[in-house]
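In: here are the coordinates; sequence isn't available:
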């Protein structure tokens with residue numbers, strides 16, 4: 001009998017493998033099932049629990065890449081608002097009229113924002129306005145009947161009496177969509193913060209616009225932290241873009257891994273995510289260069305991350321800087337590392353400390369959130385297997401011991417193998433093709449449970465499609481999620497990466513640094529990829545108990561993995577592998593009795609499958625099916641066709657303890673079966 005069987009006994013999961021049906025031919029977009037093959041059989045043993053589904057299995061991982069925050073989730077529309085993106089030029093700013101602009105480090109706002117933009121508008125006149133303009137992140141988006149909050153710091157040379165006019169205009173300057181005057185309330189000679197609201201009328205939405213500040217009286221004026229913010233999610237001050245927040249909310253995430261991977265480390269230690277410099281008033285945040293070569297204002301700082309978690313009803317998973325930077329700079333374990341360990345303890349206290357009795361809890365309250373945030377997981381570093389010094393074992397253990405001593409309830413995550421201590425979880429990352437993801441869809445089935453260290457799949461993605469995954473990516477993702485869900489007694493938490501990509505400029509040096517991102521957007525609109533919708537399906541449809549499953553006659557193909565390169569030389573091709581093309585897992589909600597059966601058909605033809613449910617008294621004849629399918633593997637969603645491929649929910653009948661259902665080609669299906 002051709003059989004794959006997953007079962008559990010005594011907490012150990014085992015898999016019995018015997019020969020499978022082999023379909024001739026390599027994996028290809030037009031792959032078809034062997035019509036002469038016996039019908040596959042999926043068996044669900046509802047009376048055999050193989051483990052518990054981790055309630056934290058599905059979460060989010062983000063970092064500042066692909067303009068995910070600046071020009072993405074963070075609500076700010078002005079690019080280079082603090083004039084620190086380039087040390088010598090006021091990049092992304094231009095002059096309006098005959099008025100030179102320049103950076104002026106001799107006229108700082110404060111120690112954090114230690115330069116300013118100088119506007120020489122001595123030639124300004126009533127019929128010849130002069131000023132500054134900013135085109136935002138590939139455009140300034142506007143919508144009808146919408147309020148935009150404007151703020152900036154300004155000071156002027158003696159003799160200037162104002163006013164200033166702020167406006168949003170078309171890129172050609174011919175049409176003004178909203179404008180307002182800023183009068184001087186306290187005199188222009190000192191740094192003063194000015195605020196005004198711009199309100200659009202019943203206009204058409206557009207993004208090819210600019211923001212301007214102009215004057216019609218001569219003078220010299222300096223600017224700092226020029227800001228334009230549209231309405232934000234839940235009206236949160238210094239908040240987030242609503243459409244992107246809603247896309248995440250629909251995923252029902254349980255945690256947010258923050259502040260992300262490479263963004264935590266920085267290229268150099270002085271470019272790390274230095275959390276203490278990201279809290280408090282945004283005008284006191286110096287910002288820093290991200291490892292993806294653009295400037296982060298740190299307007300989205302630690303408190304904003306925590307507000308993000310609260311807005312989406314998820315927990316923070318806090319990654320702390322562990323003394324290693326991407327360009328291989330590191331801090332030796334011991335006394336040199338101790339200040340960084342203390343910094344991590346302070347950060348945990350900021351998140352969880354009592355506002356009345358702890359220093360950093362009091363600071364959090366001062367920053368607007370008296371109540372502590374929930375926290376269960378702390379990750380030490382990011383991808384420290386890149387550390388060629390071999391220092392991570394010592395660095396992790398120093399952090400681990402200090403965190404456990406003060407916060408014994410926290411689960412501490414390692415990012416590489418260590419010997420000197422036993423981490424609660426190990427962070428594993430996988431970026432692979434569809435075939436590679438499918439080929440490892442059973443890798444956790446036989447992973448030993450006889451260990452104290454569980455698994456966090458902190459970054460993973462099927463890398464097919466650009467800028468966002470196509471249906472092939474979604475199929476690979478779904479096969480992999482079946483694996484993680486089926487083994488979520490071991491894989492406790494997981495998060496796809498990267499989450500966001502600005503698709504405005506996909507050329508070299510543009511808005512994207514890494515393809516196959518879950519959610520795409522420009523200044524005005526956004527969309528979820530097929531892989532995004534696969535995540536929505538899985539995270540919203542599962543029970544709390546893993547059910548034992550078995551299968552017969554699973555269709556397979558021969559697959560030739562790509563040859564690898566080592567030290568610049570092509571290696572011999574690896575042996576061909578047998579690759580399954582049908583994937584599944586089953587979970588059950590103990591309270592309702594509902595079984596959630598997930599089936600992924602990667603074949604290019606519909607696949608009939610016989611489903612047998614044992615260990616229940618009955619299965620209702622009627623149920624619900626949620627299906628996402630595509631005509632071919634290359635089909636995808638875009639800004640122009642944001643919902644070309646989306647899940648469709650329908651009522652189904654003819655169910656029972658034994659029934660046959662045909663699963664569409666290139667499809668992901670979730671069946672909800674009501675049992676007694």
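Out: That came through, no problem. Not measured: the values here are computed from a predicted model.
In: any idea which residue of this structure is furthest from its center?
Out: residue 159 (49.8 Å; C-alpha atoms, centre = their mean).
In: Quick check, it in contact with residue 221.
Out: No. Residue 159 is beyond contact range of residue 221, at 11.0 Å (criterion: C-beta atoms under 8 Å). Using the backbone N, CA and C atoms, a C-beta is placed for each residue, glycine as well.
In: Now the element after the helix or strand of the chain with the lowest mean pLDDT, going C-ward?
Out: Least confident helix or strand of the chain, by mean pLDDT, DSSP states H and E, is strand 12-17 with a mean of 28. Sequence order places strand 41-52 as the next helix or strand after strand 12-17, per DSSP states H and E.
In: And that next one, what's buried?
Out: With burial defined by 16 or more other C-beta atoms under 10 Å, the residues of strand 41-52 counted as buried are 41-46, 48-51.
In: from those, which is closest to residue 633?
Out: Using C-beta to C-beta, residue 42 comes nearest to residue 633 of those, at 22.8 Å.
In: quick one: contacts for that closest one?
Out: Shown in contact with residue 42 (C-beta atoms under 8 Å, 6 or more residues apart in numbering): 549-551, 584, 597, 599, 609-612.
In: what does residue 631 give?
Out: residue 666.
In: where's it relative to residue 471, distance?
Out: 9 Å (C-beta to C-beta, to the nearest Å).
In: Need the overlap of contacts for those two.
Out: Residues touching both residue 631 and residue 471 (C-beta under 8 Å, 6+ apart): residue 666.
In: for this structure, what spans make up the helices?
Out: 242-249, 262-265, 302-311, 338-352, 359-366, 392-406, 434-439, 471-486, 530-540 (DSSP state H).
In: Remind me what the last one packs against, helices and strands.
Out: For helix 530-540, the contact count by 3 or more C-beta pairs under 8 Å, 6 or more residues apart in numbering; DSSP states H and E identifies strand 58-61, helix 471-486, strand 623-629, strand 667-673 as packing neighbours.
In: Can you tell me how far the spatially closest residue to residue 510 that is not a sequence neighbour is from residue 521?
Out: Leaving aside its chain neighbours, residue 510 sits nearest to residue 504 (7.4 Å; criterion: C-beta to C-beta, 6 or more residues apart in numbering). Between residue 504 and residue 521 the distance is 9 Å, computed by C-beta to C-beta.
In: ok, these two, which is more surrounded?
Out: Taking other C-beta atoms under 10 Å, residue 504 and residue 521 do not tie; residue 521 has more neighbours (29 against 20).
In: count of residues packed around residue 566?
Out: Neighbours of residue 566 under the rule other C-beta under 10 Å: 8.
In: again, but for residue 145
Out: As a burial measure, residue 145 scores 9 neighbours (other C-beta under 10 Å).
In: contacting residues around it?
Out: By C-beta under 8 Å, 6+ apart, the contact set of residue 145 is 199-202.
In: Going through those residues, which ones are buried?
Out: Applying 16+ other C-beta under 10 Å to the contacts of residue 145 flags residue 200 as buried.
In: Could you save the contacts of residue 145 as a markdown table and add columns showing distance to residue 589 and pLDDT?
Out: Listed next are the contacts of residue 145 as a markdown table, based on distance: C-beta to C-beta, whole Å; pLDDT from 0 to 100:
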| residue | distance to residue 589 | pLDDT |
| --- | --- | --- |
| 199 | 48 | 98 |
| 200 | 47 | 98 |
| 201 | 50 | 96 |
| 202 | 48 | 96 |
